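1. this is a predicted model, with the sequence first.
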Amino acid sequence: MTDPNPPPAAPSALESTIAAERSRVVRGARIAAVVVLVLLVVGAGRTVVMRIANARMLESNASAQAVQYVKTTFAKMGDAGQTLALPATLQGYQQAPIAARSSGYLKRWTKDIGSHVEKGDLLAEIESPEVDQQLSQAVAARQQMVASLGLARSTVARWEALREKDVVSQQELDERRSAVSQADANVAAAEANVQRLRQLQGFTRLTAPFAGVITRRNVDTGDLIDSSGKMLFMLTQMDPLRVYVNVPQSYAQLVKPGQKVVVTQSELRGRSFSGEVARTAGSIDAASRTMQVEINLRNRDGALLPGAYVQVTLPLVSNPTLIAPTSVLLFRGEGTRVAVVDGSGRIHLRPVTLGRNLGESIEILDGIDVKDRLIVNPSDSLAEGDAVKVNVAADDAAAVATNASGPTPAGKASP
């Protein structure tokens with residue numbers, strides 16, 4: 001009888017090989033999966049660590065950037081003896097264009113440009129035959145008037161004798177006396193005409209009205225001269241000289257008569273000339289916003305020439321004020337401000353009242369004290385109460401060096 005469940009056949013060698021290979025592949029896949037999983041875990045951990053580090057770095061940078069680093073300085077007291085340098089032009093103390101009062105032809109001239117003349121020196125002579133003839137005619141007419149006057153007087157004497165004998169009437173005597181008065185007046189008029197023509201004849205000699213130098217001659221021998229006022233000579237007084245300076249409105253109140261000034265000319269190196277403020281205009285010109293100042297300047301050796309361009313240094317008599325760099329100012333809609341740093345590193349925006357602009361610096365009349373620490377080149381984003389960091393040692397050393405360099409001079413103004 002056959003067994004219904006025969007025993008299984010023994011596995012063949014091929015099947016064993018396949019089973020072993022399959023077991024090895026499964027084991028390798030498991031190892032690879034474990035390795036990949038480990039790598040993923042390591043990469044994820046590295047990413048998390050890097051993100052945490054970056055977040056901490058960003059937080060640190062943000063904290064550092066949140067604190068603003070600023071440079072500061074201090075205002076200083078300005079020098080009460082500041083000076084102001086302004087350009088000017090030299091002028092003669094007296095300058096007179098010499099013109100003719102009498103008409104005619106130039107007979108001769110005796111002084112040329114550069115000639116030094118004294119008061120009353122002859123400059124030129126004019127030949128005026130018309131005036132000479134008019135004078136001769138006037139003298140003859142005066143003699144006629146004198147003769148008529150003598151006749152009228154003798155006639156009155158005879159009529160007065162006839163009146164005593166009652167030969168003529170009183171009316172007729174009065175008429176003769178009136179004729180004497182008329183003749184007397186005619187003589188006076190003729191004499192006045194003679195004197196006028198003699199003075200006019202005297203104008204044919206052109207003389208210097210004051211001592212000086214002839215700086216221009218516009219006429220030559222034989223030229224036709226009329227009485228229209230044409231300039232024949234220009235006479236200039238060389239000592240002293242006048243200097244007119246236009247002082248800006250911001251300095252006008254500081255210039256007073258009697259102040260000593262120093263005048264220099266670039267061509268005369270190493271030399272300076274002392275002058276004195278003679279007078280001021282006392283008002284501001286609306287067009288230029290300047291005040292005219294007149295200065296008297298001695299020129300004994302004639303080194304300075306009228307018309308030369310010079311520099312005038314004016315002393316400014318004023319009370320000492322605080323002076324700060326213009327770079328500390330903040331211009332905002334509510335007005336001019338400065339940023340002041342207190343002891344705790346906080347910013348306070350203070351309104352200030354400005355004075356004169358001295359170029360790189362400016363006067364501050366009110367709003368701060370000499371001990372206040374001012375921010376240089378403040379940012380427009382600064383606000384009240386912001387925290388800042390200050391390099392106190394470096395800023396204090398720079399402030400000491402600036403103050404040791406001397407007072408801030410006043411800047412130059414335009415004409």
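-> That came through, no problem. Numbering: from 1, shown residues only.

2. so where's the stretch 301-415 of the chain shaky on pLDDT?
-> For the stretch 301-415 of the chain, applying pLDDT under 70 flags the ranges 317-319, 393-415.

3. residue boundaries of the strands in it?
-> Along the stretch 301-415 of the chain, counting by DSSP state E, counting those that start in this stretch, strands occupy 309-315, 322-325, 329-332, 335-341, 347-351, 353-357, 361-366, 373-375, 388-390.

4. I'd like to know which of those lies nearest to residue 280.
-> strand 309-315 (11.0 Å; C-beta to C-beta). Every C-beta, even on glycine, is put in place using the N, C-alpha and C of the backbone.

5. what segments of the stretch 1-150 of the chain are helices?
-> Counting by DSSP state H, counting those that start in this stretch, the stretch 1-150 of the chain has helices at residues 13-66, 129-164.

6. so what's the residue count around residue 200?
-> 17 (other C-beta atoms under 10 Å).

7. tell me how far the helix or strand harbouring it lies from the chain's centre.
-> Assigned by DSSP states H and E, residue 200 belongs to helix 170-202. On the basis of C-alpha atoms, centre = their mean, to the nearest Å, helix 170-202 sits 64 Å off its chain's mean C-alpha point.

8. given whichever helix or strand comes after that helix, what are its sheet partners and their directions?
-> Downstream of helix 170-202, the next assigned helix or strand under DSSP H and E is strand 205-207. Strand 205-207 has its sheet partners listed here by DSSP bridges as strand 122-127 (antiparallel).

9. residues making contact with the strand it pairs with?
-> Identification of contacts with strand 122-127 by C-beta atoms under 8 Å, 6 or more residues apart in numbering yields 98, 100, 102-111, 117, 203-208, 214, 219, 225, 232-233.

10. tell me the buried residues within those.
-> Among the contacts of strand 122-127, those classed as buried by 16 or more other C-beta atoms under 10 Å are 98, 100, 102-104, 106, 109, 111, 117, 203-204, 206, 208, 214, 219, 225, 232-233.

11. OK, contacts around residue 71?
-> 375, 376, 377, 390, 391, 395.

12. of those - the most surrounded one?
-> residue 375 (24 neighbours).

13. which positions within stretch 335-342 qualify as buried?
-> So stretch 335-342, judged by 16+ other C-beta under 10 Å, has buried residues 336, 337, 338, 339, 340, 341.

14. take those and lay them out in CSV including distance to residue 29.
-> Below are these laid out as CSV (distance: C-beta to C-beta, whole Å):
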residue, distance to residue 29
336, 80
337, 76
338, 77
339, 71
340, 75
341, 70
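
15. which of those residues sits closest to residue 50?
-> Distance to residue 50, by C-beta to C-beta, is smallest for residue 341 among those, at 39.4 Å.

16. winner for burial among the helices of the stretch 1-150 of the chain?
-> Among the helices of the stretch 1-150 of the chain, helix 129-164 has the highest mean neighbour count (mean count of other C-beta atoms under 10 Å), at a mean of 14.

17. pull the distance from that helix to the chain's centre.
-> Taking C-alpha atoms, centre = their mean, one finds the center of helix 129-164 at 70 Å from the center of the full chain.
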